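Peer 1: structure here, sequence nowhere to be found:
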């Protein structure tokens, strides 16, 4: 498996119709945005607060994809899509370590992938002259790979 396949598997490998996980993701995103919004005005654009804001955006996007029935798979018929929401086919939540690892990866992916949005903030507010782009990228990368390591260490290995 090459690097591209590993990254795609980590980002989109668990996109499936799962409303319970979607609610968890959206609740965590709301908590992150609340942390950012209620911080004092001068502190809203510090490293930690920006990581939380970008991580919240990533969690919101993932939560929306988990709410969509069509995220389960491409090419499903209408009957197969209606069977997804049947209570007999309801999926259980993954194990706690696997879920924490995936959420940590998705949260870190926000800073890892969305750091270019800081350029928009710099264009809007001209007084903000030195956004911490590289540090945000590094924090996102560390969180993403920490989640990857936790998932790798807690997954059941097959002989």
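Peer 2: The structure has been received and is ready for your questions. All values derive from a computational prediction rather than experimental measurement.
Peer 1: please name every helix or strand in contact with the helix or strand residue 144 falls within.
Peer 2: Using DSSP states H and E, residue 144 maps to helix 133-154. Applying 3 or more Cβ pairs under 8 Å, 6 or more residues apart in numbering; DSSP states H and E, we find helix 133-154 packed against helix 47-67, helix 96-114. Glycine gets a C-beta too; all of them are placed from N, C-alpha and C.
Peer 1: burial count for residue 142?
Peer 2: If you count neighbours by other Cβ atoms under 10 Å, residue 142 ends up with 13.
Peer 1: could you report the pLDDT at it?
Peer 2: Per-residue pLDDT puts residue 142 at 93.
Peer 1: equivalent analysis for residue 59, please.
Peer 2: Per-residue confidence for residue 59 comes out at a pLDDT of 92.
Peer 1: got a list of what it touches?
Peer 2: The neighbourhood of residue 59, defined by Cβ atoms under 8 Å, 6 or more residues apart in numbering, consists of 25, 26, 28, 29, 32, 103, 106, 107, 110.
Peer 1: mind doing that once more with 6 Å?
Peer 2: Going by Cβ atoms under 6 Å, 6 or more residues apart in numbering, residue 59 touches 25, 28, 29.
Peer 1: so which strand or helix has the closest residue to it other than its chain neighbours?
Peer 2: With sequence-adjacent residues excluded and distances taken as Cβ to Cβ, 6 or more residues apart in numbering, residue 59 is closest to residue 29, at 3.7 Å. In the assignment (DSSP H and E), residue 29 maps to helix 19-37.
Peer 1: what angle separates that helix from helix 96-114?
Peer 2: 50 degrees (axes from the mean of the first three to the mean of the last three Cα atoms, to 10 degrees).
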